[in-house]
Structures are given as structure tokens and as C-alpha cells.
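Student: Structure of the sequence below:
(chains A and B)
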Amino acid sequence: DSGVTQTPKHLITATGQRVTLRCSPRSGDLSVYWYQQSLDQGLQFLIQYYNGEERAKGNILERFSAQQFPDLHSELNLSSLELGDSALYFCASSPGLAAFTGELFFGEGSRLTVL
Amino acid sequence: AQKITQTQPGMFVQEKEAVTLDCTYDTSDPSYGLFWYKQPSSGEMIFLIYQGSYDQQNATEGRYSLNFQKARKSANLVISASQLGDSAMYFCAMRGTLSSGSARQLTFGSGTQLTVLP
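Tutor: As a prediction, this is how the structure comes out:
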């Protein structure tokens, strides 16, 4: 158990809909990262938050948005869903910003299926 | 920019044998970390081992060791005495440093699917 909690574990929805994925980082971790894992794109970095502020953006679509709340949990919002958005979405956390020596701790992922 | 290359989409190994999973990387960061993660069929990402770019010795964690060759920019994972439970997807990843001094996010390779045969 990594200590990172993601909900829901599985989600099935229709094209055009909007969903929210939730992540609670490990206790004490201030950085939250979102990754998308799809069969054709592999593990793609989406976005990073640190202590409530956005710190880095990767290949995140404009239809997607995220935020980190004062209690440090984070939400990833996916809207106008398309079939190609079907993927496993991971949240990961780490204590801070400066240590590239530290691994990221991953949640179990939220598997999104868009029909 | 950082790039991780894993050239072996799939590997097979006999139970109790050793296996090497290849990973090469490219980065302009002066300092960086290299990581291996395991993803079993259940989907979770499990951290296995870490190697720092400045570490003189290769990292080891139980049956896992990392064969780090900095000049060749390679960070191969060696699994000794393979077990059936080692069957999984294995990802090589790296983290460097931004000019601001902050750590980058992890960049992952495409992964190697390892199958351990009984």
C-alpha cells in the first residue's frame, strides 16, 4: 500500500460526459502528479501541483483540468469525453519539489472507460 | 528534455534464471535519478529500485540490481532468480532537475512485458 488513495477505481461513462477523479496523497506529501496510461501512448505526464499551486504541465488536453485543495487532495476533471480518453489515470505524490532522488508513490489508478 | 528508451517490448525468462531488462536514457540535466517500476496485471505501479547519477556503486534491492553505465547512458535492471510473480510490465523512468532547482516529474519509457516461464 503506497498510501495514495484514488477514487473511483473504475468508471464507465458515455462520450460527451464529464467525470471527476479524486486523489488523496500520502500523509505529508505536498506534490501531486497526474499521469494517463493508454495502450497507444504509454504513461504520459499530465500535470503537477505543489501545495495548491500548479507547477508543471505535460500533455494535458484543454478539456482536462485539475486542482489541488487546501487539504492537499487533488481532483482531475475530464470533460467532453471522447472514446480516446479511455485509459488508466494515475495519481502520484512526493514530499516536495527539490529532491529528484525521491521516487513517486502511485495510487492504484482510476480506470476510465468511455463508451 | 528527457527521454527513456526501452527496446524490448517483451521478454521471456525461465523460472530461477536471471534476466536483464534494457533501458537507455537521454538528458541534459547535470544530475538526475533513474528508477524502475513494476506494473503487474492488477495495474498498480510498484517502485523497485533507484540509482542516482552521482552514485559510484550500482544500486541493489534484494533480487533487483541496476547496472548503471553513465558513459553509455544505460540503466539496465537485472532480476536474479526469477519467480513466477515477477511476470509483469517493467518501466524505466528518470527524474532530473529544472533550471529553477525543482525536481522534474518522472519520465517513463514504453515498458517491457516480462513473462516468467515455469
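Student: number of nearby residues for the nearest residue to residue B:118 once chain neighbours are set aside?
Tutor: Take residue B:118 and drop its neighbours on the chain: the residue closest to it by C-beta to C-beta, 6 or more residues apart in numbering or on different chains is residue B:15, 5.4 Å away. In short, each C-beta sits where N, CA and C put it, glycine included. Residue B:15 has 13 neighbouring residues, counting by other C-beta atoms under 10 Å in any protein chain shown.
Student: what about residue 93, neighbour count?
Tutor: With no chain named, the answer covers chain A. Residue A:93: 25 neighbours (other C-beta under 10 Å).
Student: wrong one, chain B
Tutor: Count around residue B:93 with other C-beta under 10 Å applied: 25.
Student: right, and it touches residue B:109 too?
Tutor: Yes: contact criterion C-beta atoms under 8 Å: residue B:93 and residue B:109 qualify, at 6.9 Å.
Student: overlap in contacts of those two?
Tutor: Jointly contacting residue B:93 and residue B:109 under the rule C-beta atoms under 8 Å, 6 or more residues apart in numbering or on different chains are residue B:4.
Student: With adjacent residues omitted, what lies nearest to the residue of chain A most remote from its centre?
Tutor: Ranked by distance from the centre of chain A (C-alpha atoms, centre = their mean), the top residue is residue A:101, with 21.3 Å. Among residues not flanking residue A:101 along the chain, residue B:33 sits closest, at 5.1 Å (C-beta to C-beta, 6+ apart).
Student: For the residue nearest the centre of chain A, give me its contacts.
Tutor: Centroid-nearest residue in chain A: residue A:34, 3.0 Å away (criterion: C-alpha atoms, centre = their mean). If you count contacts by C-beta under 8 Å, 6+ apart, residue A:34 has them with A:23, A:45-48, A:60, A:66, A:74, A:76, A:89-92.
Student: quick one: which of the residues you listed is most hemmed in?
Tutor: In the contacts of residue A:34, the most neighbours by other C-beta under 10 Å go to residue A:91, 30 neighbours.
Student: Read off the pLDDT value for that one.
Tutor: pLDDT recorded at residue A:91 is 97.
Student: right, and the secondary structure at it would be what?
Tutor: strand (DSSP: H, G, I helix; E, B strand; the rest coil).
Student: For it, which residues count as its bridge partners?
Tutor: residue A:34 (DSSP bridges).
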